[in-house]
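Visitor: Please work out how this folds:
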Amino acid sequence: MSKSVKLKAGQPFPKLEATLLDGSSVELGKPAAGKDWQAVFVYRGKHCPLCTKYLNEIEGYLDAFAEANVDVIAVSGDSKEQLEAHLEKVDVSFPIAYGLTEAQMKELGLYISLPRSEQETDHNFAEPGLFVVNEHGNLHVVDISNNPFVRPELGALTRGLNWIKHPDNNYPIRGTLDY
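Guide: As a prediction, the model looks like this:
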């Protein structure tokens, strides 16, 4: 049985690339649009109605992420065709990438599930994960789940990121103690 490796808070975020709908490559964890941090939301894929709902909810918090100077991107293991079909139900302005490989999912320490049927999807997929990468390229916030029902509440997340980033709070990366 292979051992699951989880990323440690404070360590450099791995260099991982995925593909945007226009075919261009994007480096995950690398903020764009003049932001200094990036929130990388990993979602299960087109087959998951809870993912569709959550992606649409993220859109409603983009101003709060922008207030914290945090860029947002979402990614899944879906194919280009699956993402194109999913965008019929997802109405967002932030980038969504596709093609996250199983090896990349493992590198991120995500839980990976087998499809229950061919109707669900045609590939193994990552369960939800959130990785917030700071201005130094280090993992500042980590949240992974083994099912679609547990995800960060976006209001608490954005308020927390604003608080963490406020210079008067001098809030360190938490959860760095090795055991």
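Visitor: Just give the nearest non-adjacent residue to the residue positioned nearest the centre of the chain, would you?
Guide: For the chain, F41 is the residue whose C-alpha lies nearest the centre (Cα atoms, centre = their mean; 1.7 Å). Closest residue in space to F41, ignoring its immediate chain neighbours: A74 at 4.4 Å, by Cβ to Cβ, 6 or more residues apart in numbering. All C-beta atoms are positioned from the backbone trio N, CA, C, and that covers glycine.
Visitor: Make sure I have this right: K106 is in a helix.
Guide: Yes. Assessed with DSSP: H, G, I helix; E, B strand; the rest coil, K106 lies in a helix.
Visitor: That one contacts I112, doesn't it?
Guide: Yes. K106 lies in contact with I112 (Cβ atoms under 8 Å); the separation is 7.1 Å.
Visitor: got the contact list for stretch 10-17?
Guide: Stretch 10-17 is contacted by residues 7, 25-29, 40, 100, 104, 107-108, 131, 133, 137-140, 173, 176 when judged by Cβ atoms under 8 Å, 6 or more residues apart in numbering.
Visitor: Give me the buried subset of these.
Guide: Neighbour counting with 16 or more other Cβ atoms under 10 Å marks 7, 26, 28-29, 40, 100, 104, 108, 131, 133, 138-140, 173 as buried within those.
Visitor: Out of the residues you listed, which one has the weakest pLDDT?
Guide: Across the buried ones among the contacts of stretch 10-17, the bottom pLDDT score, 89, is held by L7.
Visitor: check which helix or strand covers the residue lying closest to that residue once chain neighbours are set aside.
Guide: Among residues not flanking L7 along the chain, G109 sits closest, at 5.0 Å (Cβ to Cβ, 6+ apart). G109 belongs to no helix or strand when assigned by DSSP states H and E.
Visitor: ok, G109 touching A9?
Guide: No. In this structure, G109 is not within contact of A9 by Cβ under 8 Å, at 11.5 Å.
Visitor: Could you list the low-pLDDT ranges of the chain?
Guide: Scanning the chain for pLDDT under 70 picks out 1-4, 179.
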